[in-house]
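Peer 1: let me see the structure of the following:
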Amino acid sequence: MNTNLKMVLSAAVAALFAMLPNSSQAQYIGVTCGYDYGNNLTGPYDTSKMNFPLYNPTDVNSTWNEWAAQLKQSGVDFVCPNLEGSQPNTSKNPNKIAPFVTALNNQGNVTKLAIFDDNASSWLAQWNQANGRGYSTGTPFDISNSANWQYIYDFNYKIFYQTVPDANRFKINGRPVIIIWTGGTWAIANGQGNFSRALTYVRQKCQADFGFNPFIIVSQDTLTTDTTCNNPSIIDGVHSWFNPPSQAGTLTTFNGVKIGGLAPSFHAPTEANYMDPNHGTTLDNALNTTVGGGALLTLCEGFSDWSETAALLRVRNLDPSGNPLGYAQTGYDYPNQRLGLLRKHSRNPFQNDLKFEAEGCDTFGGASGGTGVFRNGNIKIEGTSDSGGGWDVGSTQAGEYLEWQNVPLNGIPHFLVRVASTMTCRMHLEINGIKQPSRTISNTGGWQTWQTFDLGTFGSFSNSLNTVRIVFDTGGFNFNWWQMNSSSGGANSTTSSGQLYPGRTFSLLAQVNNKYVTADVSGTIPLIASKTTVGTSEHFTVVDAGNGKIAVRANSNNQYVCADNNGANPLINNRASFGAWESYWEVDAGGGKIGLMSQANGKIVCADNNGANPLIANRISVGPWETYTVGN
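Peer 2: A predicted model of the protein is given here:
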C-alpha cells in the first residue's frame, strides 16, 4: 500500500466520522404522526376532503408500513407518535405503536421515535373521563395533585418506553426526547410551582425505570403557567408550535437551545383559521425559519389521520374513478411534493442511496386497466415477496411509464432497478425529458424472483433537482423500486464505489485467491474465501445501517455478518440484528473493486494468509488480500 493511498484512506475515515451527527450542533427534523391508532389508520378522518393519502389503506399495519417507507424517503431524523394516554381509553394506548417500531426496523431503523404528548388528551381529557366528566377539556387538569401524575407517566410515557426499545429512541446527547404540546391555563390548573414538580417526577421515574434522564421540551406558555419551570434543570427546551395563518413556523430559544415548530398548511373544519400551503411555499419558508435559523430540533405536523390538512405524506392525485385531482382539491401539486421539501432541509438532502418505490411515483401512464390496490388509476399494483416486503408494479406494458419530480441528483449516478421477470425485456430512462439509451433486462427466473440491474451512468449533476421517468419499452416484468448511487460527489464518495447499495444481493470474489467468500448455513463457521462457484451460501444482502454504513446479511441463514469481539475475531454470520460490530463502510479499492472497513475497529477486512484463513478485520490499508470483486 503506497503512502498516498494510506493518506487518502485515513482522510476518508476521518471524513466519515465527521459526518456522524454531533448532537450539540446537528439540526434534526421530525414529524408527528397518527391521532387514533385504531380504526382511523385504515382511512383518514378528513371532512375537508384534502390531504387524503396516495395509498388506499387496508389495515393498521399497512398504514404503519407505508408511513415508515415515506419517512425514510423524506430524510427526517425522528417521528413522534401522538400520545393520548391509555386510561380509561385503552384504544389510544401507546402500546398500539408496536407494529410501527417493526415497520421502521424493516426500513433499517434510520428514523427514530420520540414522544409528542398531546396532553390535552392524555392528561386533561382522560383525567376528566376517569372522574365521570366525560372525555372533554371542560375542567383543567389539576397538576398540583401528585396522584394525577399517573396520567402523565404511568398511563403514558412508561408504556411508550416499554414499547419502544432503546435502539429505536430518538435522543439528544444520549437522552430520549419528550415534547409536550401545551402548558396553557385552559388545560392546566394550579400550575405555579407544580408543573416543575411533575416534570421532576417524570425525570426521576425515567431514571429509575429505564436508566435515562429525558430531554424535555415544553411549550412557551408553560413558563407563564409555572415560572419555576424557567430553569435548565427542569426543562431542556421550549417550543412555540405554530399559529395559523400568520405563523407557519416558529423558532424559540431557551438557555441557548433553539427549537422549531411548524405545519405545512392548516385547516380544521371546526376552526376558522386557514393557512394555505401556497404550492409548498408555506412549508419551505417555515423550514427556512427553523432549520435556517439554527434550530437544534424542528417538529413538523405531520403524518396524520386527523382533519387539519397538515399532512406531510404522499397525497393522492386521482379519485377512485381515476379522475385527476388538482391543487385546489388536495393542497399538493404532485404526490411526493412535501416529502421532497422535508428532504431538501434535512441533514442529507442529496442522499447517495435514495430509493424510490414504484408504487409511489408522482405520475404514471401508458397502461390499460388497474387493480385499485394501493392507489387509484390505471396502474397494476400487487404485494411483493421481495426482501423488505411492500408493493410492486406488475404486468407492465410496452410504453408504460412511471415518473418522479424533484429527484435530487449529484455526481455521476448509477441508476439501479429492481425487477422480476420470466422473459428478456427492455426499459429506458428519461431525465428532464431527455431520453437515455434503452437497456436489456434479462430473465430473472420468476415473477417474484428479484434481481437488481445497473442501467449504467447518465450525465453529471451538481446538487440539482430533476424529473426522472422510467419507461418500459417492452413490458412483461414486475418492477419494485429504483435507486441511484453516485460514483462521485455523493455523501460517501471519498470511500465508496457505490456498488453495495441497500437491497442489493451480491457475491464477493477475493482478489488474493480468485475464490468466493462463503457463509456457512449454521452460522458457527467463520466466513472464508474458499469456493469456486456461487450458490446460496456465497450470496449476501446489503442493509442500510445509517450514516453511510451498511450491514451485510448472509443469505445462507439470514443472519448478519459480525466482526466479532470488536473485530478481534474472524467474521461470522451469527447475529439476528446489526450494531457497530455488524456495520461496515465500503471502500473504493480501484479498478472496480472494493474493500470493507469494519465500524467495530476501523480496520479493513482481510482474506488472511493469502485466503487460506477466515476473513478478519485487522488491516489498516487495502492491498490484494483486502480487495474483492462484487458480483451478482
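Peer 1: right, and residue 87 touches residue 125 too?
Peer 2: No: with contact defined as Cβ atoms under 8 Å, residue 87 does not reach residue 125; the gap is 11.3 Å. Yep, even glycine has a C-beta here, placed from its N, CA and C like the rest.
Peer 1: the residue lying closest to residue 582 once chain neighbours are set aside bridge partners, please.
Peer 2: Of all residues not flanking residue 582 in the chain, residue 560 sits nearest, at 4.4 Å (Cβ to Cβ, 6 or more residues apart in numbering). When bridges are taken as DSSP bridges, the partners of residue 560 come out as residue 553, residue 575.
Peer 1: so between residue 87 and residue 125, which is more surrounded?
Peer 2: Set residue 87 next to residue 125 and count neighbours by other Cβ atoms under 10 Å: residue 125 wins out with 25 against 18.
Peer 1: ok, now how distant is that one from residue 153?
Peer 2: Residue 125 sits 17 Å away from residue 153, going by Cβ to Cβ, to the nearest Å.
Peer 1: just residue 119 next, same as before
Peer 2: Going from residue 119 to residue 153 by Cβ to Cβ gives 12 Å.
Peer 1: and what of residue 261?
Peer 2: Here the criterion is Cβ to Cβ. By it, residue 261 lies 24 Å from residue 153.
Peer 1: what's the answer for residue 582, then?
Peer 2: Look at residue 582 and residue 153: by Cβ to Cβ, they are 35 Å apart.
Peer 1: those two: who's more crowded?
Peer 2: Between residue 582 and residue 153, residue 582 has the larger neighbour count (other Cβ under 10 Å), namely 28 against 18.
Peer 1: tell me the contacts of that one?
Peer 2: For residue 582, the contacting residues are 545, 551-552, 560-563, 575, by Cβ atoms under 8 Å, 6 or more residues apart in numbering.
Peer 1: center of the protein - which residue?
Peer 2: residue 72 (2.3 Å; Cα atoms, centre = their mean).
Peer 1: pretty sure it is in a strand, no?
Peer 2: No: Residue 72: not assigned to a strand; according to DSSP: H, G, I helix; E, B strand; the rest coil it is helix.
Peer 1: quick one, strands of the stretch 101-250 of the chain?
Peer 2: For the stretch 101-250 of the chain, the strands defined by DSSP state E, counting those that start in this stretch cover 112-113, 115-117, 141-142, 171-172, 175-180, 188-189, 215-219, 237-239, 249-254.
Peer 1: any chance of TSV for the ones you listed, columns mean pLDDT?
Peer 2: Shown next, in TSV, are those (pLDDT from 0 to 100):
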stretch	mean pLDDT
strand 112-113	96
strand 115-117	98
strand 141-142	98
strand 171-172	96
strand 175-180	98
strand 188-189	98
strand 215-219	98
strand 237-239	98
strand 249-254	98
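Peer 1: surely residue 216 and residue 172 touch.
Peer 2: No: using Cβ under 8 Å, residue 216 is not in contact with residue 172; the gap is 10.5 Å.
Peer 1: please enumerate the shared neighbours of these two.
Peer 2: Shared contacts of residue 216 and residue 172 (Cβ under 8 Å, 6+ apart): residue 236.
Peer 1: okay, the contacts of residue 582 in TSV with distance to residue 374 next?
Peer 2: Below are the contacts of residue 582 laid out as TSV (distance: Cβ to Cβ, whole Å):
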residue	distance to residue 374
545	29
551	28
552	31
560	31
561	34
562	37
563	40
575	34
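Peer 1: just the buried members of the residues you listed?
Peer 2: Buried residues within the contacts of residue 582, counting neighbours by 16 or more other Cβ atoms under 10 Å: 545, 551-552, 560-563, 575.
Peer 1: how far away is the closest residue to residue 202 other than its chain neighbours from residue 122?
Peer 2: Closest residue in space to residue 202, ignoring its immediate chain neighbours: residue 153 at 5.7 Å, by Cβ to Cβ, 6+ apart. Residue 153 sits 10 Å away from residue 122, going by Cβ to Cβ.
Peer 1: related to what we said a few turns ago, can you list the strands of the stretch 101-250 of the chain in JSON lines and add distance to residue 426 and mean neighbour count?
Peer 2: Formatted as JSON lines, the strands of the stretch 101-250 of the chain follow (distance: least, Cβ to Cβ, whole Å; neighbours: other Cβ atoms under 10 Å):
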{"stretch": "strand 112-113", "distance to residue 426": "41", "mean neighbour count": "24"}
{"stretch": "strand 115-117", "distance to residue 426": "48", "mean neighbour count": "25"}
{"stretch": "strand 141-142", "distance to residue 426": "64", "mean neighbour count": "21"}
{"stretch": "strand 171-172", "distance to residue 426": "48", "mean neighbour count": "19"}
{"stretch": "strand 175-180", "distance to residue 426": "49", "mean neighbour count": "23"}
{"stretch": "strand 188-189", "distance to residue 426": "65", "mean neighbour count": "22"}
{"stretch": "strand 215-219", "distance to residue 426": "53", "mean neighbour count": "24"}
{"stretch": "strand 237-239", "distance to residue 426": "53", "mean neighbour count": "24"}
{"stretch": "strand 249-254", "distance to residue 426": "47", "mean neighbour count": "20"}
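Peer 1: turn those strands into a markdown table, columns for distance to residue 76.
Peer 2: Listed next are the strands of the stretch 101-250 of the chain as a markdown table, based on distance: least, Cβ to Cβ, whole Å:
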| stretch | distance to residue 76 |
| --- | --- |
| strand 112-113 | 10 |
| strand 115-117 | 13 |
| strand 141-142 | 31 |
| strand 171-172 | 15 |
| strand 175-180 | 13 |
| strand 188-189 | 30 |
| strand 215-219 | 17 |
| strand 237-239 | 17 |
| strand 249-254 | 15 |
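Peer 1: ok, which of those comes nearest residue 587?
Peer 2: Taking Cβ to Cβ, strand 112-113 is the member of the strands of the stretch 101-250 of the chain nearest to residue 587, at 27.5 Å.
Peer 1: so what's the residue count around residue 256?
Peer 2: By the criterion of other Cβ under 10 Å, residue 256 has 8 neighbours.
Peer 1: again but with residue 602, I slipped
Peer 2: Neighbours of residue 602 under the rule other Cβ under 10 Å: 15.
Peer 1: same question for the one 3 residues further on.
Peer 2: As a burial measure, the neighbour count of residue 605 was computed by other Cβ under 10 Å and equals 29.
Peer 1: quick check, residue 96 in a strand?
Peer 2: No: under three-state DSSP, residue 96 falls outside any strand and is assigned helix.
Peer 1: pretty sure it is touching residue 36, no?
Peer 2: No: using Cβ under 8 Å as the test, residue 96 is too far from residue 36 to be in contact (9.5 Å).
Peer 1: the two: who's more crowded?
Peer 2: residue 96 (21 against 16).
Peer 1: ok, which stretches of the protein are helices?
Peer 2: 3-19, 60-74, 98-106, 119, 126-130, 158-163, 195-210, 222-225, 281-290, 327-330, 337-344 (DSSP state H).
Peer 1: Serialize these to CSV and add fields for mean pLDDT.
Peer 2: Converted to CSV, the helices of the chain look like this (pLDDT from 0 to 100):
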stretch, mean pLDDT
helix 3-19, 34
helix 60-74, 92
helix 98-106, 93
helix 119, 96
helix 126-130, 94
helix 158-163, 98
helix 195-210, 98
helix 222-225, 98
helix 281-290, 97
helix 327-330, 92
helix 337-344, 97
